[in-house]
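Asker: sequence and predicted structure are below.
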Amino acid sequence: MPTSSLDRIRRCAAATSFWFVIAAPWSLGSRSVEAQEDSDVANQSDSEAEAPESKLKVDLGGGITVLYDQPIEEGKNKVEVFEARLRLDAEFDRFGIHVVPVFRDDRERGFHVGPIWVQEGYVFADLNPVTVKVGKVYAQFGRFWDNSFVGNAHEYDGLKLDPNNGISVEGSIAPTAPVGLQFFAQYFVVDGVANYSLPGRDTVSIPGARRRNQLVGRAEPFVEIGDITTLKLGLSGAFFQADIPALPEKQKVGRLAVDATVMVERFLAFGEYSKQFGRHVTDFPFPGMAATATTDAVPGRSANRIDYVLFGGEYTYDRFTLRFTFNQGNYKTVSYKESRYIPAFAVSLHEHLFALFEWAVLNTTTGGTSHELLLTIHGNV
């Protein structure tokens with residue numbers, strides 16, 4: 001069943017960066033690049049060839065999210081450092097690395113490896129017009145995020161903010177033209193055990209289970225109309241095998257999504273519809289029950305057809321933003337729905353700091369309606 005939204009976070013904040021250009025000997029694995037030597041080095045022959053100059057660009061950043069959570073109907077309020085993050089980007093020639101470790105006082109999800117984990121970590125090669133990334137990379141299925149902290153059914157089922165281990169080929173065609181295209185083609189050998197799904201709602205949180213051989217594709221054409229209007233259309237597809245010990249064979253799971261975005265100066269609106277075919281869990285939305293002295297065991301029930309809806313909009317004036325998002329998961333083959341309505345108000349306190357107020361209303365088929373007030377402060381440097 002859905003749990004309190006104090007678990008949620010959305011960690012897509014960009015970090016302001018600073019750059020270093022280094023001209024010095026540098027090595028990466030077995031590959032060594034020597035910097036250009038000073039022209040006045042003693043005893044250097046005039047006939048010696050100078051070593052090529054290599055410029056290493058290092059971009060460091062980080063951030064923190066502080067959370068105040070106030071359940072309305074039941075539960076206790078809470079203040080915590082929800083997450084602290086570091087980010088390291090380094091580029092050398094056409095190659096580079098990207099690493100994002102995350103820190104907490106405790107595990108954010110029970111299936112996470114610990115209170116410290118690598119959210120993203122990959123090496124990449126810029127092969128214009130495409131970039132190839134190898135390592136732990138976010139899956140690009142559907143619209144990446146809805147700009148909320150509370151989250152959505154998609155995230156809690158493992159569809160969004162989902163890093164996996166494999167290879168991603170991504171790029172763009174005519175990115176600065178009035179009409180262009182962004183695209184992604186990804187293959188993940190195995191999941192990254194680092195998404196934000198809730199217990200029992202994604203394969204990764206089932207003991208001993210993994211998502212394997214995942215294919216993800218996305219195309220996002222866009223068109224600019226005049227100086228202030230941009231339209232985007234997204235088409236996504238995914239396939240993977242849910243390797244669950246309790247089931248006799250790997251489950252084949254397919255997903256399709258279509259989304260659209262409209263940006264007009266200070267106004268943004270978006271919508272997404274996605275569909276899942278196949279079973280990726282065993283005990284959601286109805287967990288199994290163990291046998292007792294008087295009753296037999298009851299197996300869990302999960303859906304093999306799920307429809308997801310996500311839409312929202314926001315308007316920004318000066319440092320203030322008004323926002324509303326809605327999301328729903330419809331688990332059709334077991335007759336269960338959950339819906340979230342999230343009005344929100346954000347204030348930019350500084351270039352590197354903003355506060356977000358959200359009122360989350362959760363409605364489920366079996367649990368009625370609950371309300372929650374959340375305040376998050378996000379800092380990024």
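Answerer: In hand now; what should we look at?
Asker: next one, pLDDT for the residue nearest to the spatial centre of the chain please.
Answerer: Most central residue of the chain, judged by C-alpha distance to the mean C-alpha position with CA atoms, centre = their mean, is residue 161 at 2.2 Å. Confidence at residue 161, expressed as pLDDT, is 97.
Asker: is it true that it lies in a strand?
Answerer: No - when DSSP: H, G, I helix; E, B strand; the rest coil is applied, residue 161 is found to be coil, with no strand at that position.
Asker: test my guess that it contacts residue 155.
Answerer: Yes - shown here, residue 161 and residue 155 form a contact pair, counting by CB atoms under 8 Å, at 5.6 Å. From N, CA and C alone the C-beta is placed, and that goes for glycine too.
Asker: just so I have it, where are all the helices in the stretch 201-350 of the chain?
Answerer: In order along the chain, the stretch 201-350 of the chain carries no helices (DSSP state H, counting those that start in this stretch).
Asker: which residues sit against stretch 271-278?
Answerer: Contact partners of stretch 271-278, identified using CB atoms under 8 Å, 6 or more residues apart in numbering, comprise 141-143, 154, 159, 234, 236, 242, 251-260, 304-312.
Asker: and that stretch, what's its mean pLDDT?
Answerer: The predicted model gives stretch 271-278 an average pLDDT of 98.
Asker: now do that stretch: distance to the chain's middle.
Answerer: 17 Å (CA atoms, centre = their mean, to the nearest Å).
Asker: where does this structure have low pLDDT?
Answerer: Residue ranges of the chain with pLDDT under 70: 1-54.
Asker: contacting residues for the nearest residue to residue 154 once chain neighbours are set aside?
Answerer: Closest residue in space to residue 154, ignoring its immediate chain neighbours: residue 160 at 4.6 Å, by CB to CB, 6 or more residues apart in numbering. Taking CB under 8 Å, 6+ apart as the criterion, residue 160 is in contact with 141-142, 144-145, 152, 154.
Asker: ChimeraX command for the buried members of those?
Answerer: Here is the ChimeraX command that selects the buried residues among these (16 or more other CB atoms under 10 Å):
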select :141,142,145,152,154
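Asker: make JSON lines out of the contacts of residue 160 and add secondary structure.
Answerer: Below are the contacts of residue 160 laid out as JSON lines (three-state DSSP):
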{"residue": "141", "secondary structure": "coil"}
{"residue": "142", "secondary structure": "coil"}
{"residue": "144", "secondary structure": "coil"}
{"residue": "145", "secondary structure": "coil"}
{"residue": "152", "secondary structure": "coil"}
{"residue": "154", "secondary structure": "helix"}
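Asker: of the contacts of residue 160, which pair is most distant in space?
Answerer: The distance between the two most remote of the contacts of residue 160 (CB to CB) is 13.3 Å, for 141 and 152.
Asker: pull out the buried residues from the contacts of stretch 271-278.
Answerer: By 16+ other CB under 10 Å, the contacts of stretch 271-278 give 141-143, 154, 159, 234, 236, 242, 251, 253, 255-257, 259, 306, 308-312 as buried.
Asker: for the residue nearest to residue 154, give me phi and psi.
Answerer: When quoted as degrees, to the nearest 10, the phi and psi of residue 160 stand at phi -130, psi 160.
Asker: related to what we said a few turns ago, so what's in contact with residue 161 and residue 155 at the same time?
Answerer: Counting by CB under 8 Å, 6+ apart, the common neighbours of residue 161 and residue 155 are 195-196.
Asker: that older thread, so which of the buried ones among the contacts of stretch 271-278 are in strands?
Answerer: Among these, the residues falling in strands (DSSP state E) are 234, 236, 242, 251, 253, 255-257, 259, 306, 308-312.
Asker: show me which of the residues you listed is closest to residue 366.
Answerer: For residue 366, the nearest member of these is residue 306. The distance, counting by CB to CB, is 16.2 Å.
Asker: thought that closest one was touching residue 157?
Answerer: Yes - with contact defined as CB under 8 Å, residue 306 and residue 157 form a contacting pair (7.5 Å).
Asker: can you list residues touching both of those two?
Answerer: Counting by CB under 8 Å, 6+ apart, the contacts common to residue 306 and residue 157 are residue 329.
Asker: does residue 111 count as helix, strand or coil?
Answerer: Residue 111 is classified as coil under three-state DSSP.
Asker: number of nearby residues for the nearest residue to it once chain neighbours are set aside?
Answerer: Sequence neighbours aside, residue 205 is the residue nearest to residue 111 in space, at 4.4 Å (criterion: CB to CB, 6+ apart). Here the neighbour count serves as a burial measure; for residue 205 (other CB atoms under 10 Å) it reads 20.
Asker: contacting residues for residue 205?
Answerer: Residue 205 sits next to 109-111, 197-199 when contact means CB under 8 Å, 6+ apart.
Asker: how does it look with 10 Å?
Answerer: The contact partners of residue 205, taken as CB atoms under 10 Å, 6 or more residues apart in numbering, are 109-112, 158, 193, 195, 197-199, 281, 284.
Asker: for residue 100, give its distance to residue 81.
Answerer: Distance of residue 100 to residue 81, computed by CB to CB, to the nearest Å: 17 Å.
Asker: give me the more crowded residue out of the two.
Answerer: Neighbours per residue (other CB under 10 Å) separate residue 100 from residue 81, with residue 100 holding more: 22 against 12.
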